[in-house]
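Trainee: after the sequence you'll find the predicted model.
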Amino acid sequence: MDVAPSFISSDIEHLQKRVIRLKRLARKYKRAEIIQNALLEISNIATKAASLDLFYQGVHLHLKKLIPADNFFIASRDANTGLISLPFFADEKDPHPSELYPDEEISSIIERGITGYVLKTGKPLLCDTNKFDELIATGAIDDLGSPSHQWLGVPIKRNHHSIGVLVVQSYHPDITYGELELELMGFICHHISGVMERLKHHEQLEQAIVERTKELSHAYETVKQEVKERVRAERLQKALFEIADLSASNADQNRFYVQLHQIISQLIPAQNCFIALINNVDATLSFPFYVSQMNLSYPASRPMQDGLTEYILATKEPKLLSQNDIKTLIEQDEIYAIAPALNQTHAMHQWIGIPLFIHGNIAGALTIYSISQDQNYQVKDLELLNFVSHHIANAIERKMAVESLKRSHDELEDKVSQRTQALAELNDNLQEEIMQRRKIEAQLQHDAKHDGLTGLPNRSFFMERLSYAIKHGRRHGHDQFALLFIDLDRFKQINDTFGHLEGDKFLIETARRLKSCIRENDALARLGGDEFVILLDSIQGTQDALDVSDRILYQVSQPYKLGKQDFISGASIGIAFSGHHKEDTSESLLKSADAAMYQAKSKGKGCYVIFDSQIDKQAKQAAEMKKAFKRALLQQEINISYAPVMNFNDLSIIALEPQASWKHPDGSLKTHNQLKSLAEQCQLIIHFDAYIFDHLNHNYSKLVQQFSNKICIHLSVSSQHIKHKHGLRNLKRTLKKSQLDLSSIWVFFHEKAFVQDTENHISAFQHLSQMDVNIGMNGYGTGYSSLSSLSLLPISALKLDSNISKHLVNEQQMQLTKAYQLAASSLGVDMFVEGVDTVQQKRQLSQLGYQQGQGKTFEKKHLNYIKVQKSCA
C-alpha cells in the first residue's frame, strides 16, 4: 500500500514535467510560427516595396511583432559620396540627431558614434552599458545621445561591403536582446540589402528613364522647334514667292495692294495696316492701301508733316513702338507738334513702322498696329517684316514701273486699239487672236522693209534684192540687169513753196508714175527724200534701160497738180549695168549709178547718163577735192579778204564782209560760195564759219585803224549754229569773248533756212538781239517768207539774193524787185543787194530804189579792201 502512492506520485511528477516541456515546445512552435509569418511578411514587403521608405516602415511594423523595436533606426552610406544618412529613425527618448546637434552634419555625427563604429568594423554588435563605456574609454566612439540598457546593431552588406546599419535599442532592464534577435536582425539586414540593391537598380532605371525621357523631350522640343522654324521659313518663302508673282501680275492697283495685305497677314497679324508712298514732285504722301479696325476714314493724300509715318521716313529705320513710346515722342515734340490733328494713336497698343527703299532711296513706309492688349508684337516680328519689306518695296517699285510704262504707252495702245478694234470684236477665241498677231507681225515685217509714205521697198529691202541679182548674174553670165538711180528736180522748192503735205503727195504720184514705166519683175524702191532706184531685171541690152529712162523722163515731166496749181518737175537719171566688174557689190553698183546721176544733174538735169570710167574718175576727183579742202581748213591755207558793201549814191564803204578763197593744189581758185557749198557737203560749215570769224577777230583792230571804229562787219552765218541749244550757246560765247564791237556786227542768216526752221531762228534772233548784235537775213526773195512774220522779228536788214539782181530782164521781174524794196522800207528795215557785178545792174537797182549793195563792180575799184591779210596764222 505504501508502494502504490509512491508510484502514483512519481507518475504525476513525470506528467507535470512533460506538460511543462510540451507547453515550452508549444510556445516555441508558436513563436517560431510568428517569426516565420513575420519573416514571410518582411520577405513580401521586400519583394513588393516600391520605395525604401515604405520598406523601412513595413520592416519596423513587423519587427515589433518579434522583438521590442520601439527604438529603431536605419543608417545608410552613399556609395558615391561616402556620406551617411538616416532614412528611417524612431526613438522614444532622443530626437533626430540633426535636431540634437543642429550645428553639425548628420554624416559626421553618425560617423563618430557607435553606428559609425559598426559601419567601420562590418560586424554585428550587441552592446550593454559596460561595453558602451569600454568603447568610449578606448576612443572608438563618442558619447552621443541618451544612455541605453542594450544596443544591437547589425551591418547591412552588399558584396562584402557595409552599406548601412540596422539598429534596435532598449532603455529598460527588462527588455533584453540575445542570439535570436541577432539572427532575426541579420535575416532582415539580408533582405534590406537585397531590397536596397533592387530599389537602387530600380531607381537607377527610373533615373535612366527620366534622363532618357528628358533627352527625348529635349529632342522632341528641338524637332518641334525645327519644324516650327521650317514651317515659318516655308511660310516666309511662300510669301516671298507670292509677292514676286504679284509684282509680275496684271492686277490693278486696288487688287494689288489687297493681295499684298493678304500675304502680309499670313506672316503676322495685320488687321490694322496701311502703306504710304512719297511723291517727290510735290512732297506729299499718298496712301494706296489702308485698312483699320478703328473705323477711321480712308486718308487722302496730304503734304509731308510730322506724323508717325514721317518719323519713320526721317529716321529711315524700322521701329516697334508701344503706347508709352508714342506718348514720349509726343512729349518730346518729335511727332504731332506741327500737325496735332493727325494724331490718331490714342487707341493703339503697339505700332510697327517699316521704311520702304527703292534703289537705295526712301520711297515710303509700311505700317502695322494693334489696338488690343492681347495682341503683342515681338522684335522677331519687326525683323521678319523688315526682311519682307525689301521684297514688298521691289514689288511696289515694279508695279509702279509697270503703271508708268502703261501710262507712257497709253497713246500707242489707243492707236493700236483703234486699228485692231474691228478685228478684236471678232476675236471670240484664242485662234483668232493668234491670227491677228500674225497679221501684225507680217505688217511689221512689211513696214521694216518698205517706205511708209509710198509703200515702195526701202533701201535695206532693195539692197537685198540687188545683192541677189548680182549673185544670180555671177552664176548665169549671160543674164544682165541695169540699175537706175533717179533724183527728182525742184523737190526742195515744192516743200518750201507748197509745204510738206503737198511734197508728200508729189512723191506718192511720182512713185505711181515710175511704177507704170517698168515691168512686174522689175524692182522700184525709194531710198529717201526724192531719190528712187529701179532694178531692171533680165534686160536684152543697153537700149532696154534707155527706153525705160526715156519713159520715166516723159512721165515725170508731165504737170503735177499741187495746191490747185500746175507744177512742172523733172528728173536726173544715172544708169549702171551689171557684168562690167567681177568685184561688183550692191554698194559699189549703187555708188556707180549715184555718180552717173550727179553727172546728169551737172549737165542741166532732165536727162540720163550711163556710168563709165570717166564718171568714176570725176567722182573720185570730187572726193579728193573734199579731202583737200578739209586739209586746207585744218592747216589754215584758206585766204580771207574783205568785200566792201557800198552806198550807191556817194560810193562810200559802209560795211565789210569777209570772203574766203582757196587756191587748189591743181592751180584752180575756189571762190567763197564754192567753198561754202563744199563745207556744207563735208559737214564742216560750222568750222568754216569759225575759221572766218577767228580771222576777223584777229585782224579787227587793224580794220578799225584802217576804216575807223564806225565800220560795220557783215557776217553770213550758217543756220547749223542754231539747230541745237548748245550750238547757239557756242555762237553767243564766241561773240562775247571776241574783240569785236558787237553793236557794229551784222549777223545774216539765209531766208530759205529761216522758212524751213522758223522756230529755232526766232529763238536765236531774240537771244542775239539781246547782245546788241544786229540781225539780218540774206538770200532774200528765195525763201518766200511772209512779210507778217518779218514784221514781228528783231531784223535790222535784208539782203536781196544775187540771182534776183542778175535777172532783171523783164517788167515783171522789175516790179517784183521793186516790191521787195518797198516792203523793206515800209518795215523800217535796211535793204542791201548782193551780186551787183555790172554798172548796168547798179543803175537798174538804183532806179528801183535800192541804195546799198555789194558785188564785183565795187570790188574791182577797191582791190586794196579785197586782198587783206592771208589768214589767222
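Mentor: Sure, I can see it.
Trainee: and residue 19, how far from residue 11?
Mentor: Distance of residue 19 to residue 11, computed by CB to CB, to the nearest Å: 12 Å. In this view, the C-beta of every residue, glycine as well, is placed from N, C-alpha and C.
Trainee: same check, this time on residue 71
Mentor: For residue 71, the distance to residue 11 - CB to CB - is 49 Å.
Trainee: now the residue nearest the centre of the chain: how far from residue 286?
Mentor: Centroid check for the chain by CA atoms, centre = their mean gives residue 359 as the closest residue, at 5.8 Å. Per CB to CB, residue 359 is found 19 Å from residue 286.
Trainee: please apply the same query to residue 719.
Mentor: The value you get for residue 719 to residue 286, if CB to CB is used, is 47 Å.
Trainee: okay, those two: which has more neighbours?
Mentor: Residue environment comparison for residue 719 versus residue 286 gives the larger neighbour count to residue 719, 18 against 14, counting by other CB atoms under 10 Å.
Trainee: the more buried one contacts residue 754, doesn't it?
Mentor: Yes: the pair residue 719 / residue 754 is scored as a contact, 7.5 Å apart, by CB atoms under 8 Å.
Trainee: quick one: common contacting residues for those two?
Mentor: Residues touching both residue 719 and residue 754 (CB atoms under 8 Å, 6 or more residues apart in numbering): residue 761.
Trainee: can you tell me the SS state at the closest residue in space to residue 315 that isn't next to it in sequence?
Mentor: Excluding its sequence neighbours, the residue lying closest to residue 315 (CB to CB, 6 or more residues apart in numbering) is residue 355, at 7.8 Å. Here residue 355 is strand, with the state taken from DSSP: H, G, I helix; E, B strand; the rest coil.
Trainee: for residue 355, give me its contacts.
Mentor: By CB under 8 Å, 6+ apart, the residues touching residue 355 are 312, 313, 315, 316, 317, 318, 362, 364, 365, 389.
Trainee: what residue spans form the domains of the chain?
Mentor: Domains of the chain are assigned by automatic domain parsing as 33-205, 248-408, 412-445, 450-611, 628-866.
Trainee: for those domains, which one sits closest to residue 221?
Mentor: domain 248-408 (18.1 Å; CB to CB).
Trainee: how far does the closest one sit from its chain's centre?
Mentor: Distance of domain 248-408 from the chain centroid (CA atoms, centre = their mean, to the nearest Å) equals 21 Å.
Trainee: and the one helix or strand residue 698 maps to, what does it pack onto?
Mentor: Using DSSP states H and E, residue 698 sits within helix 685-707. If you count contacts as 3 or more CB pairs under 8 Å, 6 or more residues apart in numbering; DSSP states H and E, helix 685-707 packs onto helix 613-634, strand 639-647, strand 653-663, helix 672-681, strand 712-716, helix 725-737.
Trainee: what about 10 Å?
Mentor: Contacts defined by 3 or more CB pairs under 10 Å, 6 or more residues apart in numbering; DSSP states H and E place helix 685-707 against helix 613-634, strand 639-647, strand 653-663, helix 672-681, strand 712-716, helix 725-737, helix 863-866.
Trainee: closest to residue 394 out of those?
Mentor: Closest among the helices and strands packed on helix 685-707, using CB to CB: helix 725-737, at 37.9 Å.
Trainee: what sits against residue 86?
Mentor: Going by CB atoms under 10 Å, 6 or more residues apart in numbering, residue 86 touches 73-76, 96-98, 106-107, 109-110, 115, 164, 167.
Trainee: and the longest helix belonging to the chain, what does it pack onto?
Mentor: Ranked by residue count, the top helix of the chain under DSSP state H comes out as helix 179-247. Judged by 3+ CB pairs under 10 Å, 6+ apart, the packing partners of helix 179-247 are helix 3-48, helix 52-66, strand 72-77, strand 125-128, strand 150-158, strand 161-170, helix 253-267, helix 379-408.
Trainee: switch the cut-off to 7 Å
Mentor: Other helices and strands packing on helix 179-247, by 3 or more CB pairs under 7 Å, 6 or more residues apart in numbering; DSSP states H and E, are helix 3-48, helix 52-66, strand 150-158, strand 161-170, helix 253-267, helix 379-408.
Trainee: got these as JSON lines, with distance to residue 236 and mean pLDDT columns?
Mentor: Shown next, in JSON lines, are the helices and strands packed on helix 179-247 (distance: least, CB to CB, whole Å; pLDDT from 0 to 100):
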{"stretch": "helix 3-48", "distance to residue 236": "58", "mean pLDDT": "72"}
{"stretch": "helix 52-66", "distance to residue 236": "55", "mean pLDDT": "78"}
{"stretch": "strand 150-158", "distance to residue 236": "60", "mean pLDDT": "89"}
{"stretch": "strand 161-170", "distance to residue 236": "60", "mean pLDDT": "89"}
{"stretch": "helix 253-267", "distance to residue 236": "7", "mean pLDDT": "83"}
{"stretch": "helix 379-408", "distance to residue 236": "7", "mean pLDDT": "80"}
